[in-house]
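Asks: Okay, sequence plus prediction incoming.
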Amino acid sequence: MSVDAKYFANLFAVSDDPWAFRTRWYEKRKRDLIMASLPRQFHERVFEPACANGELSAALAERCNELVCHDLDATAVNLARQRLAHLPGVRVEQGRLPGDWPGGSFDLIVLGEIGYYLDPEAWLQVIEQAVASLTDNGGLLACHWLHPIDGCPQDGRQVHALLQQHLPLYRMLRHEEADFLLEYWSCQPSVIDLDETCP
């Protein structure tokens, strides 16, 4: 069973930054690694579910024309809207995956710290929806904490194992540390546009 919405409501009732995204060096460094792992400098349309209070979203918004953010919790949505209000092309919506997947296609989908809150069946639906909504040259980035989390139906390794088994994409990058795993998959075997790099 996926984690209930009350879990997140309780977290945001206590703090507007329950995971200390704004203050912890671990989170800032991980955010910088995520952004450095994107092989393209700029994207047309990006989807980031589980955006929380919008700290990673702010960095993503600087590198795309349109950013669609989701979060299950209403407080998180309001915080993200405030955080991102000054940035053009950003839309923050309340939604729960896998049911509330946005329409249209994306050339980047960022699944950060979300998979273990979903049971394997729901996570497989998310994977299927992601593949179906990626553009021909799109990519998917996933990053998850590797240690067990009380009350979560999966851990980070299980989440990434299902991605590896079910994504019909090319894995371009894998970065593992003691605490988290970061991977990027592409619809194409190379993300380099040879016309731009060759003289």
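Replies: Right, received. Where do you want to start?

Asks: how many neighbours does R22 have?
Replies: R22 has 12 neighbouring residues, counting by other C-beta atoms under 10 Å. No exception for glycine: its C-beta is placed from N, CA and C like everyone else's.

Asks: Going along the chain, name the strands of the chain.
Replies: 43-48, 64-71, 90-94, 106-112, 134-145, 170-176, 180-186 (DSSP state E).

Asks: got the end-to-end distance for stretch 6-20?
Replies: Length of stretch 6-20, first residue to last, C-alpha to C-alpha, to the nearest Å: 19 Å.

Asks: Where does the prediction get shaky in the protein?
Replies: The chain contains residues with pLDDT under 70 at 1, 9, 192-199.

Asks: Can you list the residue ranges for helices in it?
Replies: Ranges of helices within the chain are 5-14, 25-37, 55-61, 74-84, 120-133, 156-166, 194-197, based on DSSP state H.

Asks: circling back: for F21, which of the strands of the chain is the nearest?
Replies: Nearest to F21, of all the strands of the chain, is strand 106-112, at 10.6 Å by C-beta to C-beta.

Asks: Let me see the residues that make contact with the closest one.
Replies: With contacts defined as C-beta atoms under 8 Å, 6 or more residues apart in numbering, strand 106-112 is touched by 34, 38, 40, 43-50, 56, 60, 64, 68, 126, 130, 133-135, 137-144.

Asks: give the contact list for L163.
Replies: Here L163 is in contact with 115, 127, 140, 142, 183, 185 (criterion: C-beta under 8 Å, 6+ apart).

Asks: Against H147, how distant is it?
Replies: Between L163 and H147 the computed distance is 18 Å (C-beta to C-beta, to the nearest Å).

Asks: same check, this time on D71
Replies: Counting by C-beta to C-beta, the gap from D71 to H147 is 23 Å.
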